[in-house]
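Undergrad: Predicted model follows, preceded by the sequence.
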Amino acid sequence: MSFENLGLSDKLLRAIADQGYDTPTPIQAEAIPAVLEQHDVLASAQTGTGKTASFTLPILHLLSTTSQPGKGRKVRALVLTPTRELAAQVEDSIKTYGKYMPLRVASVYGGVRMGPQIGRLRRGVDVLVATPGRLLDHISQGTVDLSFLDVLVLDEADRMLDMGFIHDIRKIIEHSSAERQTLLFSATFSRQIKRLADDLLRSPKVIEVARTNTVAENVTQVVHPVDRHRKRELLSHMIGSRNWQRVLVFTRTKHGANRLAEQLQSDGLSSDTIHGNKSQGARARALDAFKRGKVRVLVATDVAARGLDIDELPHVVNFDLPNVAEDYVHRIGRTGRAGNEGDAISLVCVDEHYLLRNIERLLKRDIPQSVIPGYEPDPSIAPEPIPGAKRPGNKQRRGGGRYQARNGNARRSDGYSRRPSRSKRGGKPTAAPILKKASNAAAGKDDRKRA
Ligand code: AMP
């Protein structure tokens, strides 16, 4: 299979050749013909599979071959993305693939001034990439017109739903042409995604290239059990002793990201953060410094890192495991891209055992564990609750997990009782399965192999 067989125009084939791609990825081989035939598409594809080109290339082809008399400043294709970073990246990809075409491409997202975006929209845009909130601002100010939209793409739709954009998306759709072609890309096919697809798509072609929730085979995964308060020390040790020059580290919270970056910085490791409390400019600067090798460690939260495409990122570290198992797949999908090898390392403390179990259940496999000598977990440390995390046997609730005093006992609003401390329970500590497995793994064996 080659790009020439897919029916794309010469201008696109030239741009593809400039990028050095010779073979379409599986999602491209399936999605490009379906989009060119003007089908609606429901595609499950992880980032790193070439999904951006799988919708961009055929859309550019369709836009350049269909004449649009009288459309003037009306937007013809709209790509909705969950984050500003992904919007900027998709815009770059569209410009790269469309460089031999006269199409006008722009992006609008929050965190930057409206004025320049309004000016850009006034001059006319064929392909617009947008985050939902800012696009709605433009719609309500009358600075964008979607009534002639030919194609709508919902990119990383699962993440947009997770981020609570569903109402914004539905409002945007009310303002767009009913005649449009709609493409929905999602890493996972949850029930909500299927419901959204039922509402928005007409007889879609369903494309599922990789099994949902799988991790690329070229990514090596490992869990290092470690105590909660020794994670930072272990991370510094690993970065220094293994001489990692570029590592993306995930934390659960923005505050945790800031604190960790400061600590690493004081350990002599140049670090920066990327999270939702930072201005767009600061996020872009941090990302740029990281890509250019000026910053060795980039500490990120899930939302900010979603969709980040960083060439040659050999190491991703989960400093905290994510509360939502699917995020693990997204996080470690930052490494092992475009056929490179990648390492995904998770530092897991006693609080996170059930999060690890959720992840392993999702992946349908156990992740190998190895204790780093000198960082053996202390089995007497009792687990502490993680705010907002899904408890075993309980349905997850948004923002849930708050404690309510009831009959003098700490109780969560979701019915989960806080485990009393061991001193109150009495009795000996029991080694949780993770620790048993870890000690079986002949402490440090894997680690030495890897060093
Ligand atoms: P995406 O999944 O869209 O984020 O793309 C992941 C990476 O794969 C990007 O860096 C693309 O430049 C690259 N890529 C996309 N299509 C191909 C292809 N057919 N051959 C090689 N690399 C590709």
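TA: Noted; the coordinates are in hand. Numbering: from 1, shown residues only.
Undergrad: helix or strand for the closest residue to the ligand within the stretch 51-200 of the chain, which one?
TA: The ligand sits closest to residue 52 of the stretch 51-200 of the chain, with a gap of 3.2 Å, by C-beta to the nearest ligand atom. Quick note: C-beta positions are derived from backbone N, CA and C, even for glycine. Using DSSP states H and E, residue 52 sits within helix 51-65.
Undergrad: After that helix, which helix or strand is next?
TA: strand 77-80.
Undergrad: Is that following strand in proximity to the ligand?
TA: No. For strand 77-80 and the ligand, the contact criterion (C-beta under 6 Å from any ligand atom) is not met; the two come no nearer than 11.8 Å.
Undergrad: May I have the phi/psi pair for residue 207?
TA: Dihedral pair for residue 207: phi -120, psi 120, per degrees, to the nearest 10.
Undergrad: From the ligand, how far off is it?
TA: Distance, residue 207 to the ligand, using C-beta to the nearest ligand atom, to the nearest Å: 14 Å.
Undergrad: what lines up beside the host helix or strand of residue 43 in the sheet?
TA: Using DSSP H and E, residue 43 sits in strand 41-44. Strand 41-44 sits in its sheet next to strand 181-186 (parallel), strand 205-208 (parallel), going by DSSP bridges.
Undergrad: where exactly do the helices run in the stretch 51-200 of the chain?
TA: Along the stretch 51-200 of the chain, the segments classed as helices by DSSP state H, counting those that start in this stretch run 51-65, 84-97, 114-123, 132-141, 157-162, 166-174, 191-200.
Undergrad: can you put those helices in CSV and add distance to residue 241, mean pLDDT and mean neighbour count?
TA: What follows is these, written out as CSV (distance: least, C-beta to C-beta, whole Å; pLDDT from 0 to 100; neighbours: other C-beta atoms under 10 Å):
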stretch, distance to residue 241, mean pLDDT, mean neighbour count
helix 51-65, 36, 95, 23
helix 84-97, 31, 94, 22
helix 114-123, 46, 94, 14
helix 132-141, 43, 96, 18
helix 157-162, 35, 90, 23
helix 166-174, 46, 95, 16
helix 191-200, 42, 91, 15
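Undergrad: Any regions of the stretch 251-400 of the chain where pLDDT drops low?
TA: Low-confidence segments of the stretch 251-400 of the chain (pLDDT under 70): 304-307, 337-339, 389-400.
Undergrad: What parts of this structure come near the ligand?
TA: So the chain meets the ligand at 21, 23-25, 28, 47-53, 309, 337-338 (C-beta under 6 Å from any ligand atom).
Undergrad: Could you turn the buried ones of those into a ChimeraX selection?
TA: In ChimeraX syntax, the buried subset of the residues of the chain next to the ligand is picked out as below (16 or more other C-beta atoms under 10 Å):
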select :21,24,25,28,47,48,49,50,51,52,53,309,337
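Undergrad: From the residues of the chain next to the ligand, which land in helices?
TA: If you go by DSSP state H, the residues of the chain next to the ligand have 28, 51-53 in helices.
Undergrad: Keeping just the C-alphas, turn the helix holding residue 52 into CSV.
TA: Written as CSV, here are the backbone C-alpha positions of helix 51-65 (Å, rounded to 0.1, in the frame of the first residue of the first chain):
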residue,chain,number,x,y,z
LYS,A,51,-4.4,9.9,12.9
THR,A,52,-4.0,13.7,12.2
ALA,A,53,-2.9,13.0,8.6
SER,A,54,-5.6,10.4,8.3
PHE,A,55,-8.3,13.2,8.4
THR,A,56,-6.2,16.2,7.2
LEU,A,57,-5.1,14.7,3.9
PRO,A,58,-8.5,13.7,2.5
ILE,A,59,-10.1,16.9,3.8
LEU,A,60,-7.5,19.0,2.0
HIS,A,61,-8.1,16.9,-1.1
LEU,A,62,-11.9,17.4,-0.9
LEU,A,63,-11.6,21.1,-0.3
SER,A,64,-9.3,21.7,-3.2
THR,A,65,-11.4,19.7,-5.6
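Undergrad: follow-up on the earlier one: mean pLDDT for the strands paired with strand 41-44: which is lowest?
TA: Least confidently modelled of the strands paired with strand 41-44 is strand 205-208, at a mean of 89 by mean pLDDT.
Undergrad: picking up where we left off before, for the strands paired with strand 41-44, which one sits closest to residue 317?
TA: strand 181-186 (25.8 Å; C-beta to C-beta).
Undergrad: CA atoms only: put the closest one into CSV for me.
TA: Output of strand 181-186 as CSV, limited to C-alpha atoms (Å, rounded to 0.1, in the frame of the first residue of the first chain):
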residue,chain,number,x,y,z
GLN,A,181,-19.7,15.3,6.8
THR,A,182,-18.6,14.4,10.3
LEU,A,183,-15.6,12.5,11.5
LEU,A,184,-15.2,11.5,15.1
PHE,A,185,-11.8,10.3,16.4
SER,A,186,-11.4,8.9,19.8
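Undergrad: Run through who's touching that strand.
TA: 31, 35, 38-45, 51, 55, 150-158, 193, 196-197, 200-202, 204 (C-beta atoms under 8 Å, 6 or more residues apart in numbering).
Undergrad: With adjacent residues omitted, what lies nearest to residue 352?
TA: Nearest non-adjacent residue to residue 352, counting by C-beta to C-beta, 6 or more residues apart in numbering: residue 321, 4.6 Å away.
Undergrad: pretty sure the one you found contacts residue 355?
TA: Yes. Using C-beta atoms under 8 Å, residue 321 makes contact with residue 355 at a distance of 4.2 Å.
Undergrad: coming back round to it: the residue of the stretch 51-200 of the chain closest to the ligand - nearest residue in space that isn't next to it in sequence?
TA: Leaving aside its sequence neighbours, residue 52 sits nearest to residue 93 (C-beta to C-beta, 6+ apart; 4.7 Å).
Undergrad: wouldn't the one you found be in contact with residue 56 here?
TA: Yes. Contact criterion C-beta under 8 Å: residue 93 and residue 56 qualify, at 5.7 Å.
Undergrad: so who does the nearest residue to residue 35 once chain neighbours are set aside touch?
TA: Distances taken as C-beta to C-beta, 6+ apart put residue 58 closest to residue 35, at 3.6 Å, once the chain neighbours are dropped. Counting by C-beta under 8 Å, 6+ apart, residue 58 touches 8, 31-33, 35-36.
Undergrad: ranking these by neighbours, who comes first?
TA: Counting neighbours by other C-beta atoms under 10 Å, residue 31 comes out on top of the contacts of residue 58 with 29 neighbours.
Undergrad: What's the separation between that one and the ligand?
TA: Plainly put, residue 31 is 11 Å away from the ligand if you go by C-beta to the nearest ligand atom.
Undergrad: What helix or strand is that residue located in?
TA: helix 26-36.
Undergrad: quick check: mean pLDDT across that helix?
TA: Helix 26-36 shows a mean pLDDT of 94.
Undergrad: And it, what does it pack against?
TA: strand 41-44, helix 51-65, strand 181-186, strand 205-208 (3 or more C-beta pairs under 8 Å, 6 or more residues apart in numbering; DSSP states H and E).
Undergrad: got TSV for these, with distance to residue 16 too?
TA: Converted to TSV, the helices and strands packed on helix 26-36 look like this (distance: least, C-beta to C-beta, whole Å):
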stretch	distance to residue 16
strand 41-44	19
helix 51-65	7
strand 181-186	19
strand 205-208	20
